[in-house]
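# Whatever this is, show me its structure:
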Amino acid sequence: MRQRSMTARASDIHVELLVDNSFRNIVEEGYDGGVRLGESLEKDMIAVRIGPDWRLVAVASPAYLAAHGRPDHPQDLIRHRCINMRQETSGGLYAWEFEKDGQGLKVRVDGQLTFNNPYAMIDAAVSGFGVAYVPKDIVETHTASGALAVVLDDWSPGFDGYFLYYPSRRQNLPAFQIVIDALRHR
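Got it, this is the predicted structure:
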């Protein structure tokens with residue numbers, strides 16, 4: 001009796017992705033791995049960087065800024081109409097996190113609009129509904145075109161990028177190792 005090879009080819013792999021903003025227990029739910037920001041990783045997991053560091057930036061349309069003024073300090077946002085982000089994991093509103101000269105500051109903002117999706121927040125900001133706090137990389141085309149202006153840029157801290165994480169106590173299947181190698185940020 002010959003043994004069959006237990007190697008996997010990339011063309012043999014089927015990937016199922018579940019995209020949401022909640023924190024799942026990948027072990028209890030039977031997932032091979034998950035993706036989280038570096039600051040949210042659990043200590044007993046193996047983490048492989050799959051993306052660069054990134055930043056959140058506050059943006060508003062030029063028309064909104066002309067009508068309401070430009071904030072000079074994160075606390076100024078309390079007097080502005082801000083577009084909030086609802087956190088699916090806690091159900092609460094995201095407190096905007098700023099940092100300058102090593103000093104961190106969280107600001108709870110108020111406004112008429114709340115979303116659970118940054119793309120909807122960007123659309124609302126482009127339409128002049130207020131200031132949004134969104135990932136810089138997904139708003140760059142709007143800032144480059146002039147549809148949005150970045151405010152408080154020197155207060156926008158960097159965050160550890162995305163990591164693929166998986167349990168350290170489990171032997172990975174060859175197919176999952178191919179996925180890890182393919183996603184590894186070089």
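# how near is residue 129 to residue 112?
Separation of residue 129 from residue 112 (CB to CB, to the nearest Å): 7 Å. C-beta coordinates here come from the backbone N, C-alpha and C atoms, glycine included.
# Residue 140 too?
26 Å.
# Please apply the same query to residue 126.
Relative to residue 112, residue 126 is positioned 16 Å away (CB to CB).
# Helices of the protein, residue ranges please.
62-68, 118-126, 136-145, 174-183 (DSSP state H).
# May I see the buried residues of the last one?
Of all the residues in helix 174-183, those buried under the rule 16 or more other CB atoms under 10 Å are 175, 176, 178, 179, 180, 183.
# Can you tell me the closest non-neighbouring residue to the fifth one?
In space, not counting the residues next to it along the chain, residue 180 is nearest to residue 48; the distance is 5.7 Å by CB to CB, 6 or more residues apart in numbering.
# State the distance from the one you found to residue 171.
Counting by CB to CB, the gap from residue 48 to residue 171 is 16 Å.
# Can you pick out the residue with more neighbours from those two?
Remark: of residue 48 and residue 171, residue 48 carries more neighbours, 15 against 6, as counted by other CB atoms under 10 Å.
# Is that one bridged to anything, and to what?
Taking DSSP bridges as the rule, residue 48 bridges to residue 164.
# you'd agree it is up against residue 163?
Yes: if you go by CB atoms under 8 Å, residue 48 and residue 163 touch, sitting 6.2 Å apart.
# Other residues contacting stretch 149-158?
53-62, 65, 70-74, 77, 97-100, 104-105, 131, 136, 143 (CB atoms under 8 Å, 6 or more residues apart in numbering).
# make it 10 Å
52-62, 64-65, 70-74, 76-77, 80, 96-105, 107, 125, 131, 133, 136, 139-140, 142-143 (CB atoms under 10 Å, 6 or more residues apart in numbering).
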